[in-house]
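Asks: sequence-free structure coming up:
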C-alpha cells in the first residue's frame, strides 16, 4: 500500500472534520501516542485526533479514505501486541473522549456504552445496579472496553463466564469510507445473516471503528471464595487444571503462576507473601455464587483433586483484603516482569489438558536457546502467558536467534491443537508467526475480508496478517 | 448468476469425484430432497449426492465451481427458512453419511464430530460420559449438528447455556474452490485474526461446506426441576419473563406458550393436559444444577415473581415422565400447527422486556389483516416463534396481502431493537424481509463477504441476502 503524507491541506481538512480542538500535532502528543504496552516499540503518528462523536469519525474516515491516509484507532494503550502502533504514521485516532456510559438498561440486562470507557469504570457502574459485566483483563483499571472488543478480550473469569464475544450484542461501526452501520441487533440470539458483530470482535480496528457497544449483563453473584494451591512442580499444577473440570467443577477463575513470577512480584511490588522453599507453582482458584454452602461443596471437591495431584498446601483467602492481595499479585505479575527486564511476551493457548506438555516444552526450548521464562495465566482456559526474559542471552542472540525459539514455541502450541494468541491479539508483533498456524489459503481469506471492508487499506495497516 | 445445467458429462465427472454409489438421479431421490420443513415449498435438484469424506466434497466443489453448477448443502432437512432448498437446481449435497462421532475427549471436555450426526444422538453419546452438549433445538431427534452450525441454532437452554456459537471451537470447511481449511483452533479462547469460525456459524452453507466440527462440552447437571405457571393474559406472562431475570434468577429454560398452542397440541397430539378456562398463557420454567436445595431456593424466588405478575397457578412436574410430557407439549407445538393448517412461521427476537409489546403488536396486526397466530418460544431470550394461521383469510389475501402484515411484524420487531430471526435463519423465505432491518450498505458487506468465499456463487445460491 502507498500512503499519502499529511500535508497542511489534509491537516486543515482533518481539523474541519473533527474540530480543531480535537487535533494535536505537538511533539509531546505525538510522543505520547507513539507507543502502547508492547515492549519498547515506538512508531510516531503524524497527527493525533481525539474526536467525540460518530459523525466526526465518519467525516474523518471519509477524508482519510479518499486521500489514502492511514488511521490507527487506539483504546487505552494497554495492548501487548502492538495493535495500536501507527506503523505507517498518519492519523492516530484516540477514542479517549468516547467515554460515556450511555445507558444501563436494568429491564433487559443490557448496557450501551462508548468504546473509550475504562473497563473497570463500566464494571463498577454496572455493579452498582447489582449486575455483572465479567470481562476483566488484568489491565481493567486503564484499558478501554473498545480495545477489549478489538482484541476479543478475556481475563480470569472466562473459564466460567466466557470471553467478551459472549457479551457483545451489537456494535455501531464507522466503515473505512465513512458509512455507519449497526452490526446486529440488541438481542441474545441472532440468526439473521453473516454475523458482522462477531467478525468485528477481535479484528483489531482493521475493519472499522467501533463507536457504540451494546453489551449483555448478568446478575452479580454475592459470594466468592478464593483459594491458593501450592505445588512442587509446574507440571503437577498444570496437570491438576484439566482434572478439576473433569471432576465436574467449574470455578469462576483458575489461574496458574510459576514460582519465578511470584518472586518478581515480591521483589518489585509492595506485596508480602511467604514463599516456601519447596513450592514451584501455584493455582489460584475462585468460586462464586449466591450460596456459600454450595461454594464450599465445590471447594471440598476441588481439594480432593488438588491432593491427588500433589498439591502440598491450600490457603484460603479469608478476608476481602486477602483476596485483593492475591489477585493483585496475579495482576501485577506482567508489569513486574516488564518494568525490570528486557522481555518479550507471548500469549499461547492450547486445549487445557495439553498445559503440562506446553510448559515443559517452553522450558526445554528456553534451555536450548538460553532464554529464561516466567509463565502464568488463565490455566482454566489453557491460556498461558509467557514472559521471555533475556537473562544470559547475548544481545546478538536476543536480536537474531530468539525469533527461532519463539517459532518453536508456536510450532509446539500449534501441534498441541492451540493457536498464536488467546486474548492479546496478533497486532504487529505476532503477525509474522501467523503462517506457523495458518495456510496461505486461510490468510488470503483474511486479507480479502479486509479488502471488503477497507479497500484502500487505511484502517490500522500493517496488523494481523503478514504482508503479501 | 448464470448456472450450468448438469449435462451427462458433468454427471459423469460428479460420479468420478464422489463415487457412483453416492450419486442419485432417480425421481424418488429428487423428490425426497426437494423440500425441507419450510411450509410446502418444493424445489427439485438435478442430482442428489451423498459423499462420505472431505476429499470427495473437495473434488465435488472444485468441479462444480469450475463448471458453475450450484451446490445446496443439506443437513437433516428440518429447517424452517428454506435454507436447504435447491432453488437453482444443480447438486443437492446431503451430509447424511457424515454421521460419525469421531472423538469425545474427556480430558479436554471437547468432541470432534461429523456434521451429519443427529443432534440428539450426539447429546446422548456425550451424556454417557457425564457431559453436556446443551444446544437442543426442538427438532433434536432428527436435525443434524451441521445444520445447527449453519443456522447458529439455539433451543430452550440458550437462556442459561448460550447458543451453538458458544460451543463451536473449530470447523473443518471445504471452500467453494475445493480448498480445505480449519477455521480456528481447538481452544476456549481465540484472538488470532478474523474469527472465521464465528463467520461460518449461521452462514447457512453459503460460504463453505463444514465437514468436521470441534465442540466444547461442559459437566452435566444431575438435578432439574420443571414448573409451569398459568396466566390470564399473554401480556402478564410475557411481562413476568424479564422480571425473573431482574430478580437475579437464571433458569435453564424459560418458555412461553399461548393457550391456542396448547389447544392444538391437545387436539392433534396424544398429550393429556387439563386446560382450565381462564388460562390464556403459560411459562415453562426449568432450573438445573447439582444441588436440589439451591434449585428450590431459586424456585421460591421465581414463585414470588410469578405471583407479582398475576400467575394464577404453578404446577411442578414431579416425575421424569411429567417433565418429559411437558417438554413434549412444547416441542410438538410447531408440528401440531403445521400438520393441521396452512401456516407461515416467523422467528422474531427482541430484547426480552419488549416481549409484551411484541405479542400485543402481533395480535393487533393480525386483527387488521385477518390472520390468526399461535405464539410460543424461548421467552427467556426474547425469542418468539409466530405461527401465522390462514383462518378466515381469503386465498387471495393469504397470497397477496399477508406479506404486508409480515412486513409490519418485522418493522415492529426492528423498532423494538430486535431482528428478523433468532435461530431459524434467513434462508429463502426471510431474505426479502432483510431490508427492513439492514441497510444496503450492510447487505452489500454480506454480499461482498460471500464473493470472497465463493466468487462464482455456487454455494447455496438464492439465500440470506435479497438478490441485487
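Replies: Happy to help now that I have it. In this text the structure is predicted, and so the values were computed from the model without any measurement.
Asks: What are the structural domain limits within chain A?
Replies: As given by automatic domain parsing, the domain ranges for chain A are A:8-96, A:101-219, A:223-333, A:341-437.
Asks: So which of those is the most surrounded?
Replies: domain A:101-219 (a mean of 23; mean count of other C-beta atoms under 10 Å in any protein chain shown). C-beta: built from backbone N, CA, C; applies to glycine.
Asks: what separates it from the chain centre, distance-wise?
Replies: Relative to its chain's centre, domain A:101-219 lies at 13 Å (C-alpha atoms, centre = their mean, to the nearest Å).
Asks: what about that domain, how long is it end to end?
Replies: Distance between the two ends of domain A:101-219: 19 Å, counting by C-alpha to C-alpha, to the nearest Å.
Asks: likewise stretch A:344-360?
Replies: The first and last residues of stretch A:344-360 sit 19 Å apart, counting by C-alpha to C-alpha.
Asks: can you redo the domains of chain A as TSV with mean pLDDT?
Replies: Converted to TSV, the domains of chain A look like this (pLDDT from 0 to 100):
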stretch	mean pLDDT
domain A:8-96	97
domain A:101-219	97
domain A:223-333	95
domain A:341-437	96
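Asks: In TSV: the ones you listed, plus distance to chain B.
Replies: Converted to TSV, the domains of chain A look like this (distance: least, C-beta to the nearest C-beta, whole Å):
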stretch	distance to chain B
domain A:8-96	8
domain A:101-219	4
domain A:223-333	4
domain A:341-437	4
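Asks: was I right about residue A:77 contacting residue A:85?
Replies: No - between residue A:77 and residue A:85 no contact is recorded; they are 9.8 Å apart, counting by C-beta atoms under 8 Å.
Asks: ranges for the strands of the stretch 201-350 of chain A?
Replies: Using DSSP state E, counting those that start in this stretch, the strands of the stretch 201-350 of chain A run over A:209-216, A:218-219, A:223-231, A:253-258, A:281-289, A:311-317, A:343-349.
Asks: The nearest residue to residue A:156 once chain neighbours are set aside bridge partners, please.
Replies: Here the nearest residue to residue A:156 in space, its sequence neighbours aside, is residue A:253; by C-beta to C-beta, 6 or more residues apart in numbering or on different chains that works out to 4.1 Å. Beta-bridge partners for residue A:253, by DSSP bridges, are residue A:286.
Asks: In contact with residue A:253, which residues?
Replies: Applying C-beta atoms under 8 Å, 6 or more residues apart in numbering or on different chains, one finds that residue A:253 lies in contact with A:156-157, A:159-160, A:284-286, A:378, A:380.
Asks: Please enumerate the shared neighbours of residue A:77 and residue A:85.
Replies: With contacts defined as C-beta under 8 Å, 6+ apart, the residues adjacent to both residue A:77 and residue A:85 are A:35-36.
Asks: By residue count, tell me the biggest helix in chain A.
Replies: Longest helix in chain A by number of residues (criterion: DSSP state H): helix A:292-308.
Asks: I figured residue A:167 was touching residue A:215, is that so?
Replies: Yes - Residue A:167 is in contact with residue A:215 according to C-beta under 8 Å; the separation is 5.0 Å.
Asks: What residues does residue A:53 make contact with?
Replies: Under the criterion of C-beta under 8 Å, 6+ apart, the contact list for residue A:53 reads residue A:211.
Asks: any idea which element residue A:385 lies in?
Replies: Residue A:385 belongs to strand A:383-389 when elements are defined using DSSP states H and E.
Asks: how far does the following helix or strand past that strand sit from the chain's center?
Replies: Downstream of strand A:383-389, the first helix or strand assigned by DSSP H and E is helix A:395-396. Helix A:395-396 has its average C-alpha position 29 Å from the chain's average C-alpha position, going by C-alpha atoms, centre = their mean.
Asks: could you say what helices and strands helix A:395-396 packs with?
Replies: Other elements packing on helix A:395-396 under the criterion 3 or more C-beta pairs under 8 Å, 6 or more residues apart in numbering or on different chains; DSSP states H and E are absent; no helix or strand qualifies.
Asks: which residues touch the helix or strand just after that helix?
Replies: Past helix A:395-396, heading to the C-terminal end, the next element that is a helix or strand (DSSP H and E) is helix A:402-415. With contacts defined as C-beta under 8 Å, 6+ apart, helix A:402-415 is touched by A:344, A:346, A:348-350, A:357-358, A:361-362, A:365-366, A:368-369, A:371, A:386, A:388, A:393, A:419-420, A:433, A:436-437.
Asks: and if we set it to 7 Å?
Replies: Taking contacts as C-beta atoms under 7 Å, 6 or more residues apart in numbering or on different chains, the residues outside helix A:402-415 that touch it are A:346, A:348, A:350, A:358, A:361-362, A:365, A:369, A:371, A:386, A:393, A:419-420, A:433, A:436-437.
Asks: Where helices are concerned, which of those residues count?
Replies: A:358, A:361-362, A:365, A:369, A:436-437.
Asks: and those as CSV, adding distance to residue B:270?
Replies: CSV is the format used below for the ones in helices among the contacts of helix A:402-415 (distance: C-beta to C-beta, whole Å):
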residue, distance to residue B:270
A:358, 55
A:361, 59
A:362, 61
A:365, 65
A:369, 71
A:436, 58
A:437, 54
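Asks: before we move on, the earlier item: partners of the strand holding residue A:385, with directions?
Replies: For strand A:383-389, sheet partners with direction are given as strand A:343-349 (antiparallel), strand A:372-378 (antiparallel), following DSSP bridges.
Asks: Need these in TSV (columns: distance to residue B:196).
Replies: Below are those laid out as TSV (distance: least, C-beta to C-beta, whole Å):
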stretch	distance to residue B:196
strand A:343-349	17
strand A:372-378	23
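Asks: This completes my enquiry, with thanks.
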